[in-house]
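A.B. asks: The following block contains a protein sequence and its predicted model.
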Amino acid sequence: MIRATSTWLTFKRRFQQICQLSDDTIGQNRLVYSPNWIAAQSALIHFGQQIGLTTIVDNYGNVYLDLPGKDNQVIATGSHMDTVINGGRYDGLYGVLGGLQALHELKERFGTPQHTLRLISFSEEEGSRFKTTFSGSKYYALQQTVPNLTDSDGVSFEHARRTAVSQLQALKNTIVKRPVIPASFTELHIEQGPRLVTSQDQIGLVSGIVGQRRFTVTVKGQSNHAGTTPMNNRHDALQTAVNMITRLERIAHQLSDSLTFTVGQLTVSPNASNVIPGTVCLTIDVRHADDSVLNQFEQSINECLNRVTDPLIKVTANRYVRDLPAAFDTTLLSQNEQIARRLGLSARVMVSGAGHDSYVMNQVSPTTMIFVPSEGGISHAPNELTHPADLKAGIKLLMASLHAQAY
Ligand code: HGY
Ligand code: MN
Ligand code: MN
Ligand code: MN
């Protein structure tokens with residue numbers, strides 16, 4: 001029997017260790033297949049082997065830690081350890097180490113389960129290094145592979161993947177395979193928004209995820225001299241981009257107050273103070289619970305392109321993510337509702353505004369998510385924070401939920 005304090009200290013030690021492995025100066029940076037990412041996945045394999053779990057690595061670098069059961073049905077939990085650039089400490093990592101903590105305690109307290117319990121650390125969820133998202137869970141759940149992509153340094157996904165994964169698969173006692181799909185999947189995650197803090201609930205029981213679309217937009221105008229080119233004779237790519245963004249922001253508000261519209265990346269070329277910008281590249285991230293609203297917004301993007309009449313300015317848009325709104329399993333959700341009540345945890349049912357690997361797992365297994373509050377609703381930023389009492393409550397609920405399914 002392991003005492004509550006020792007399990008919390010174990011969680012904290014593992015958490016600190018993985019955070020320190022990543023560049024902690026300006027937030028967490030663990031981009032997929034980077035040295036920080038390899039170090040974190042290797043540390044997780046080591047944690048699993050320390051407590052007698054079976055460690056498996058597939059060809060995309062997903063790491064699976066199994067607590068073998070009496071039969072071969074699998075009950076899974078997990079999340080991701082890759083981060084956004086200069087991200088927070090809890091997005092993804094909490095679900096991986098919280099899931100490991102739950103398996104560790106279940107093993108210590110209840111021994112061998114009826115069904116195999118699996119903790120998954122997906123290789124990549126964020127899409128921070130390559131213009132693709134959920135590549136790890138899509139590989140595991142849907143056997144999908146990534147087309148030839150390169151990162152901003154020109155490194156190909158394939159080269160980065162092979163180099164990183166070979167190091168993980170070379171670790172002692174790791175099994176190389178893509179394991180079977182689980183009978184259920186539960187992801188423990190921070191909310192990444194303000195609703196639980198506002199409603200003062202300890203737990204969010206997630207009924208689904210909003211739809212999400214991501215675009216790259218390229219505006220090609222004409223560079224020219226900032227001082228000699230008259231204002232009425234310019235083909236300024238940045239001005240065109242600014243007008244488009246301003247117009248789309250206004251349309252977003254008109255369409256729905258729960259639509260989110262974000263231009264997260266914007267590069268200007270040649271990016272010199274005395275040169276009229278010739279080219280601007282930007283990204284659009286738009287989300288809503290209703291796909292028809294996203295259709296309307298995408299229509300507005302296309303209308304913006306057609307509103308550019310200057311023959312020397314070309315605007316193109318490429319959609320590279322289209323995720324439909326997802327509804328999670330209702331049986332798992334109501335089971336967790338009852339368990340939360342039994343544990344005396346205040347819980348509310350909610351939809352996730354953030355994307356998660358659960359979106360992919362939900363296409364192959366009954367899936368649900370458990371949220372804990374994000375202080376100030378902040379996430380994807382170094383000051384992302386969830387208080388210890390909330391971290392513990394989430395692990396406690398996850399553990400009871402996995403116990404109900406696997407023993
Ligand atoms: O962007 C998202 O919604 C998630 O955090 N990857
Ligand atoms: Mn996440
Ligand atoms: Mn994230
Ligand atoms: Mn059973």
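C.D. replies: On my side now, so go ahead. Numbering: from 1, shown residues only. Ligands and ions are numbered 1, 2, ... in the order given.
A.B. asks: Could you pull up the contacting residues of the nearest residue to A327 once chain neighbours are set aside?
C.D. replies: Excluding its sequence neighbours, the residue lying closest to A327 (Cβ to Cβ, 6 or more residues apart in numbering) is G208, at 4.4 Å. C-beta: built from backbone N, CA, C; applies to glycine. Listed by Cβ atoms under 8 Å, 6 or more residues apart in numbering, the contact set of G208 reads 289, 325-328, 351-352.
A.B. asks: The stretch 151-300 of the chain: strands as residue ranges?
C.D. replies: 174-176, 184-190, 203-209, 211-220, 224-225, 260-262, 266-269, 275-276, 279-288 (DSSP state E, counting those that start in this stretch).
A.B. asks: Redo those as a markdown table? Include distance to T309.
C.D. replies: Shown next, in a markdown table, are the strands of the stretch 151-300 of the chain (distance: least, Cβ to Cβ, whole Å):
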| stretch | distance to T309 |
| --- | --- |
| strand 174-176 | 57 |
| strand 184-190 | 46 |
| strand 203-209 | 39 |
| strand 211-220 | 14 |
| strand 224-225 | 19 |
| strand 260-262 | 24 |
| strand 266-269 | 22 |
| strand 275-276 | 18 |
| strand 279-288 | 18 |
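A.B. asks: For the residue of the stretch 151-300 of the chain found nearest ligand 2, grab the count of nearby residues.
C.D. replies: Residue of the stretch 151-300 of the chain nearest ligand 2, by Cβ to the ion: H189 (5.9 Å). Using other Cβ atoms under 10 Å, H189 has 27 neighbouring residues.
A.B. asks: Tell me the bridge partners for whatever residue of the stretch 201-350 of the chain ends up closest to ligand 1.
C.D. replies: Ranked by Cβ to the nearest ligand atom, the top residue of the stretch 201-350 of the chain for proximity to ligand 1 is Q212, at 6.7 Å. Q212 has the following beta-bridge partners by DSSP bridges: R287, D323.
A.B. asks: care to break this structure down by domain?
C.D. replies: Split into domains by automatic domain parsing, the chain comes to 2-210+325-406, 211-323.
A.B. asks: Report the separation between the two terminal residues of the last one.
C.D. replies: Read that as domain 211-323. 5 Å (Cα to Cα, to the nearest Å).
A.B. asks: mean confidence for it?
C.D. replies: On average, the pLDDT along domain 211-323 is 97.
A.B. asks: Strand 184-190 and the strand or helix carrying Y139, what's the angle between them?
C.D. replies: Assessed by DSSP states H and E, Y139 sits inside helix 135-142. If you take axes from the mean of the first three to the mean of the last three Cα atoms, to 10 degrees, helix 135-142 sits at 160 degrees to strand 184-190.
A.B. asks: Okay, buried residues for the helix or strand of the chain with the lowest mean pLDDT please.
C.D. replies: Sorted by mean pLDDT, DSSP states H and E, the helices and strands of the chain end with helix 4-21, the least confident at a mean of 88. Buried residues in helix 4-21, counted by 16 or more other Cβ atoms under 10 Å: 7, 10-11, 14-15, 18-19, 21.
A.B. asks: Most tightly packed of the domains of the chain?
C.D. replies: domain 2-210+325-406 (a mean of 20; mean count of other Cβ atoms under 10 Å).
A.B. asks: residues contacting T55?
C.D. replies: 45, 48-49, 63-66, 171, 173-175.
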